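K.L.:
Need coordinates for the below:
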Amino acid sequence: MKFLKLGVLFLIATAFTFPKPTKIGYNFKVGSTVEWTQNVKQSMKQSIPGMGDMDTNTEVKSGLSVKVLEKTSTGAKLEVIIPKLTVDIKSAMIGNVSLDSEGDQGSPFNKVMKAMTGTPLTLTISALGVVEKVEGVDKVKAAIEALALDANVKAAATQVVDQFTAPSYFQLYFIQYPTVGVETGGTWKSSYAALVNFPNDIQITSTLTKIDGKVLTIDGDGTLTTPKDKQFNANGFKATSDITGRMAVKSKANLDTGWPSELKSVSELKGNIKILAGGQLPEDMDVPTEMTIEYDQAVKQ
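P.N.:
This is a model prediction of the structure:
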């Protein structure tokens, strides 16, 4: 009877199946190519002393052509090209501005957009999706330096190039995966930075929501903070920021390759930008700021 009870207990125990952790990440194949399209919409409201509320809406459309050049011990080296770049700004302060890499090359900033596109860069990336290094930025800067632009436009152009060629910019295209296998419902943490002109850090907690055949569904929720004492360039003035916010992410990816097929996110930020005294500004000026940023990416393999 005792052995019978043990046998029954064994059958009951084995009747339950426990999910096995799944190792997910990028499986790079030399020569393979991926095409991204990206659309970023940013709405910003600022209360500027003496001027009142100022709304600025910006839309950035770009893409990314990626080719796997070689595998490394920890991941791969990728050739990336930004094939096209447009920026549309509608602002109560500066009016409407449209920049287009394929637009009228009589416009200085269209020339800058053109110089930024078509130049191959090399990304070093881990199998977990962490962008470690960007090489070839000097070629983009050399192309801009060769343009007949005045000093102010070149200075602004350099800031744009630094933003669109930084590892943090390219990181927005790649899902970051966990270091260990994860079950459905399992979570892991990763870091990103929003595409804004002030320093920031986003800590994301991602969840493997579902595995449907070869499709991974990954959702994320994160918080954004800014280093309060770190200065940055705000339209020629030195500034600091004290801004916080949240970011929600929804993405899908291929189980076998790790490449994402779509990625959407929404960020809501609120706080203060402090323009520091200097030049024509006799004292520090606080600029209360609210922002909403929407990312929408699609991938074609």
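
K.L.:
hey, let's count contacts and neighbours off CA atoms from now on
P.N.:
Fine.

K.L.:
Return the helix or strand in the protein with minimum mean pLDDT.
P.N.:
Lowest by mean pLDDT, DSSP states H and E among the helices and strands of the chain is helix 2-14, with a mean of 48.

K.L.:
Show me what whatever helix or strand comes next after it is packed up against.
P.N.:
The C-terminal neighbour of helix 2-14 among helices and strands, as given by DSSP states H and E, is strand 33-48. For strand 33-48, the packing partners by 3 or more C-alpha pairs under 8 Å, 6 or more residues apart in numbering; DSSP states H and E come out as strand 52-71, strand 285-300.

K.L.:
Show the contacting residues for I24.
P.N.:
The contact partners of I24, by C-alpha atoms under 8 Å, 6 or more residues apart in numbering, come to Y177, P178, G181, V182, L255, G258.

K.L.:
Sorry, slip of the keys, the one I care about is K264.
P.N.:
K264 sits next to V249, K250, S251, E294, Y295, D296, Q297 when contact means C-alpha under 8 Å, 6+ apart.

K.L.:
any idea which of those is closest to V134?
P.N.:
Q297 (20.8 Å; C-alpha to C-alpha).

K.L.:
hmm, back to that, identify the farthest-apart pair in the contacts of K264.
P.N.:
Counting by C-alpha to C-alpha, the most remote pair of the contacts of K264 is S251 and E294, 13.5 Å apart.

K.L.:
shaky segments in this protein?
P.N.:
Low-confidence segments of the chain (pLDDT under 70): 1-19.

K.L.:
ranges for the helices of it?
P.N.:
Applying DSSP state H to the chain gives helices spanning 2-14, 108-116, 137-145, 151-164, 167-171.

K.L.:
most tightly surrounded among those helices?
P.N.:
Looking across these with neighbours counted as mean count of other C-alpha atoms under 10 Å, the highest average goes to helix 108-116: a mean of 23.

K.L.:
which one among the contacts of I24 gets closest to A151?
P.N.:
Checking the contacts of I24 against A151 by C-alpha to C-alpha gives Y177 as the nearest, at 42.5 Å.

K.L.:
Please name the bridge partners of E290.
P.N.:
Beta bridges link E290 to K45, K270 when assigned by DSSP bridges.

K.L.:
so who does it touch?
P.N.:
Shown in contact with E290 (C-alpha under 8 Å, 6+ apart): M44, K45, Q46, E268, L269, K270, G271.

K.L.:
Am I right that the first one is in contact with T289?
P.N.:
This points to M44. Yes. Assessed by C-alpha atoms under 8 Å, M44 is found in contact with T289 at 7.1 Å.

K.L.:
Those two: which is more packed in?
P.N.:
T289 (21 against 17; other C-alpha atoms under 10 Å).

K.L.:
Among the helices of the chain, which comes closest to G220?
P.N.:
helix 167-171 (15.1 Å).

K.L.:
what sits against T122?
P.N.:
With C-alpha under 8 Å, 6+ apart, T122 has these contacts: K77, L78, E79, V80, V134, E135, G136.

K.L.:
what's the burial count for the residue lying closest to the second one once chain neighbours are set aside?
P.N.:
Okay, so that is L78. Leaving aside its sequence neighbours, L78 sits nearest to V68 (C-alpha to C-alpha, 6 or more residues apart in numbering; 4.6 Å). Residues lying near V68 (other C-alpha under 10 Å) number 19.

K.L.:
Good, wrapping up.
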